[in-house]
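A.B. asks: from the sequence below, what's the structure:
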Amino acid sequence: MGKLVHAAIQRGLAIGRSVKIGTVRGIVIGYNISRDGKFPGTQYPLLVKTELGTAKFGLDEVKPA
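C.D. replies: Alright, predicted model coming up:
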């Protein structure tokens, strides 16, 4: 899991960073470290808060704003 968090930070997706998911803006509020469930951190390591709510995203779904 640490490798994914490191990869996110290397891509400029650190906690507090403004990001875009398509046309929706948000802020990275944390990292999903869960290994189980429908949205495991291995596939969806980013927690992003948007005007639509908080959700988990993959590294390829989020871009720095």
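
A.B. asks: helices along this protein, start to end?
C.D. replies: All helices of the chain, identified by DSSP state H, fall at 2-10.

A.B. asks: and M1, what pLDDT?
C.D. replies: M1 carries a pLDDT value of 72.

A.B. asks: quick one: contacts for it?
C.D. replies: 33, 35, 41-42, 45 (C-beta atoms under 8 Å, 6 or more residues apart in numbering). From N, CA and C alone the C-beta is placed, and that goes for glycine too.

A.B. asks: return a ChimeraX selection command for the buried portion of those residues.
C.D. replies: Buried members of the contacts of M1 can be picked out in ChimeraX with the line below, counting by 16 or more other C-beta atoms under 10 Å:
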select :41,45
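
A.B. asks: could I get the contacts of M1 as CSV with pLDDT and distance to R11?
C.D. replies: Formatted as CSV, those follow (pLDDT from 0 to 100; distance: C-beta to C-beta, whole Å):
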residue, pLDDT, distance to R11
I33, 90, 18
R35, 90, 21
G41, 93, 16
T42, 93, 16
P45, 96, 11
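
A.B. asks: measure G2 to I27 for me?
C.D. replies: As judged by C-beta to C-beta, to the nearest Å, G2 and I27 stand 22 Å apart.

A.B. asks: what is the residue nearest to the spatial centre of the chain paired to in the beta sheet?
C.D. replies: Nearest to the geometric centre of the chain sits L46, at 2.0 Å (C-alpha atoms, centre = their mean). Note on L46: beta-bridge partners by DSSP bridges are Y31, F57.
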